[in-house]
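[1] Sharing a model that was predicted from the sequence below.
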Amino acid sequence: MLTLRLAFRNLLRHKSRSLLCGLSMMGAYVLFSISLGFSDGSYGSLIRMLTDTHSGHVQIHSQGYLERPSLFRNFILYPALKNQLTADPEIEAWSARVFSSALIFRENKSTIARLMAIDPEQEAQVTTMREKVQDGEYLSEAADVTNPILLGRHLQKLLQAKLGETLIFIGQGADGSIANDLFTVVGIVGKSSADAESRMIYMTLESAQEFLSLGERIHEVALRLENYSEARRKAAYLQNYLKAKELDVQPWQVVEEQFYKAMLADQQGNWITQAIIMLIVGLVVLITVLMNTFERRHEYGLLLALGTSPGFIFRSIIVEMTMLSGLSVIVGLFFSSGLNWYFSINGIAIEPPMEYGGVVFSAISSEVSLFVMFVPAGFTIGVAFLVAFFPAIKSARAVPIEAMREN
Amino acid sequence: MEETVIVAHKIFKAFGEGETEIQALRNVDLDIKRGDFAAIVGPSGSGKTTLLNILCGLDNVSSGEIKVSGRSLQEMSGSELAQFRREHIGLVFQAYNLIPVLTVLENIEYVMLLQHVPAAERKERVHTFLAELGLEGKENRFPAELSGGQQQRVAIARAMVSKPDIILADEPTANLDSETGGQLLEMMRKFNEELKMTFVFSTHDPQIMERAKRLITLTDGRIVSDELK
């Protein structure tokens, strides 16, 4: 109590100095928090965008498929696994997929295209597949059409194909045969040729399994969880469950490794910026603490002469700076939370949109979370504590008579 | 027989080294008994303040031994000395040396707070001293709001309120007018007689010399006379 009283009164003793130091700490806290908010908010949006548009949060493959995808690395989605995925409350939805390539012919035009086969209804619950259709209709809405496909914008331009037209597909069947069949264009996906889906052809799971002679076999199951941050834990849990089945369960961080690594490298760059902010705060606090302790040398000598323990003097200096940094953080919390909240709703548009790890990014937005509020708070108070530590030790170890001679 | 509270034996204190060495105290032997009201007198530079600082462990000796309340000061660390002063010694300084951010009341009870004296007892003792020293009504003022005489009263109250074995006062009246100084001396003399508190002053002040029961004269770092009045 006495320590707190002394610390508080000493803070009020040089109001301008305490205010200046407090404002510096508050400014640094707000900058740190907003920078972290934007970092988390933007990466969060990117991750959601990436997982929503394509990968899902967790994927299940046959062993080795992720490293070397192949028509022959497939597996049967047996009923027990289906039931397990459907019953798991943490899994919002799941979708089975088949991948392959084929030669596509339309009259005298031809090209090679990548095929992705999906269950239209299940896929629409895992990703934004339905929203990708720019012209025509989604696969599930063309129930009366035999072998319906969604054609990527780029391929449509290349083949000069129109909705309702039939294309010839030739590929390799899983049984070694030559796969060939006719498919009808029911929709066009992708806004421009630059979009990732513009070079893809989407078809139903049944028609792909028949075309590729896969039977009931598939290549991938994509899962959508309640929260993408739980992906690693959930993947590990499922992997443990599926180990005996020779299946490989991986979170989005592994599935989209290139994107994830780019994101981590970018985050490290942000931490350097934040460290520089903290360094500046540290210098301001150091100057304030040094001025205070230098000016009060006589007083510390007096306190020691009266029988105050060195530990008490150390504590009073640390408490004073911790109190100032704590107050700065509390005030800063209001500003930073307000700003982060505003930018989480409104965001800042990027013109023109930029591509990051294969994801097109048109705005950056902030995020309000405990992490964004309390990590900068911990750093700000921690820096104040660390910087005050050595002057506090020096003052506590002063020789009373020498300190009292100073004024 | 009176109990001896301070025993100083062959105290030698030098500042600097070689040609710049100044010998402040030279083989000083001194005993202070419980209930003494002693004044250490002598010209400026005779070593009075140095001796007082050494007697309370604020300064080290170059050689010799000091025991206060039976304990050797040389054997104590910085924190042990701080604790020892807190428990056994009250200090009064020439420049008052109150803690500027604490009120009169808080300054007086400061040492008791360090001693963890219960709040009720602290309050009772502080109010007794406030009344004795004529400081009633000024409990919540800060030192800067007091006159020199009032500040020194607070300093005396702070030194005495924790009931130490001995009070060491370094020229306590030097910054006060003679009337205020005289009043404070009377008060200290009263406490000495009524409560048997031990006082040792370093001083030039004739008023203190007049009222002291014992006069110790220092010249060039040596005790040249020690007389009981």
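    Cool, got the structure. Residues are numbered from 1 along each chain as shown, chains lettered A, B, ... in the order given.

[2] Every contact and neighbour count from this point should use C-alpha atoms.
    Will do.

[3] Tell me who's in contact with the residue of the stretch 51-200 of chain A at minimum distance from chain B.
    Ranked by Cα to the nearest Cα, the top residue of the stretch 51-200 of chain A for proximity to chain B is A:Glu90, at 57.0 Å. Contacts for A:Glu90 were tallied using Cα atoms under 8 Å, 6 or more residues apart in numbering or on different chains; they are A:Leu225, A:Glu226.

[4] And the one 3 residues further on, by the same measure?
    A:Ala93 sits next to A:Thr86, A:Gln122, A:Gln125, A:Val126, A:Leu223, A:Arg224, A:Leu225 when contact means Cα under 8 Å, 6+ apart.

[5] These: which two are farthest apart?
    Set against one another by Cα to Cα, those have their most distant pair in A:Gln122 and A:Leu225, with a gap of 13.8 Å.

[6] Which one's more surrounded, these two?
    Neighbours per residue (other Cα atoms under 10 Å in any protein chain shown) separate A:Gln122 from A:Leu225, with A:Leu225 holding more: 21 against 14.

[7] tell me, which of the contacts of A:Ala93 make contact with chain B?
    Among these, proximity to chain B is found for none (Cα under 8 Å from any Cα of the partner chain).

[8] Per-residue confidence, the spatially most central residue of chain B, what does it come out as?
    The residue at the geometric middle of chain B, judged as the C-alpha nearest the mean C-alpha position with Cα atoms, centre = their mean, is B:Leu168 (1.5 Å). Looking at B:Leu168, its pLDDT stands at 93.

[9] which other helices and strands contact whichever strand or helix holds it?
    When secondary structure is defined using DSSP states H and E, the element that contains B:Leu168 is strand B:166-170. In this structure, strand B:166-170 packs against helix B:48-55, strand B:89-92, strand B:198-203, with contacts taken as 3 or more Cα pairs under 8 Å, 6 or more residues apart in numbering or on different chains; DSSP states H and E.

[10] Would you indicate which residues of the helix or strand that comes right after that strand are buried?
    Later in the chain than strand B:166-170, the nearest helix or strand by DSSP H and E is helix B:178-195. For helix B:178-195, the neighbour count (16 or more other Cα atoms under 10 Å in any protein chain shown) marks B:Thr180, B:Gly181, B:Gly182, B:Leu184, B:Leu185, B:Met187, B:Met188, B:Arg189, B:Phe191, B:Asn192 as buried.

[11] Return the member of the residues you listed nearest to chain A.
    B:Met188 (19.1 Å).

[12] closest point of chain A to chain B, which residue?
    Going by Cα to the nearest Cα, chain B is nearest to A:Gly307 of chain A, at 4.1 Å.

[13] All the strands of chain B, in order from the start?
    In order along the chain, chain B carries the following strands (DSSP state E): B:4-15, B:22-33, B:37-41, B:63-68, B:71-72, B:89-92, B:166-170, B:198-203, B:214-219, B:222-228.

[14] is the lengthiest helix in chain A anywhere near chain B?
    Ranked by residue count, the top helix of chain A under DSSP state H comes out as helix A:257-295. No: Helix A:257-295 lies apart from chain B when judged by Cα under 8 Å from any Cα; the minimum separation is 12.8 Å.

[15] Show me how far the strand holding B:Leu168 is from its chain's centre.
    In terms of Cα atoms, centre = their mean, to the nearest Å, the centre of strand B:166-170 is found 1 Å from the chain centre.

[16] One more: stretch A:223-230?
    On Cα atoms, centre = their mean, the centre of stretch A:223-230 falls 12 Å from that of its chain.

[17] again with stretch A:274-294
    Between the mean C-alpha location of stretch A:274-294 and the chain-wide mean there is a distance of 33 Å, by Cα atoms, centre = their mean.

[18] what sits against A:Ile201?
    Counting by Cα under 8 Å, 6+ apart, A:Ile201 touches A:Ala113, A:Arg114, A:Leu115, A:Met116, A:Ile149, A:Leu150, A:Leu151, A:Gly152.

[19] With only the CA atoms kept, save the helix or strand harbouring the fourth one in PDB.
    Taking DSSP H and E as the criterion, the element that holds A:Met116 is strand A:109-118. In PDB, the C-alpha atoms belonging to strand A:109-118 read as follows (Å, rounded to 0.1, in the frame of the first residue of the first chain):
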ATOM      1  CA  LYS A 109     -10.500 -26.700 -81.000                       C
ATOM      2  CA  SER A 110      -8.800 -28.700 -78.200                       C
ATOM      3  CA  THR A 111      -6.900 -28.100 -75.000                       C
ATOM      4  CA  ILE A 112      -5.800 -29.900 -71.900                       C
ATOM      5  CA  ALA A 113      -7.700 -29.100 -68.700                       C
ATOM      6  CA  ARG A 114      -7.700 -30.000 -65.100                       C
ATOM      7  CA  LEU A 115     -10.900 -31.700 -63.800                       C
ATOM      8  CA  MET A 116     -12.300 -31.500 -60.400                       C
ATOM      9  CA  ALA A 117     -15.300 -33.600 -59.500                       C
ATOM     10  CA  ILE A 118     -17.600 -32.800 -56.600                       C
END
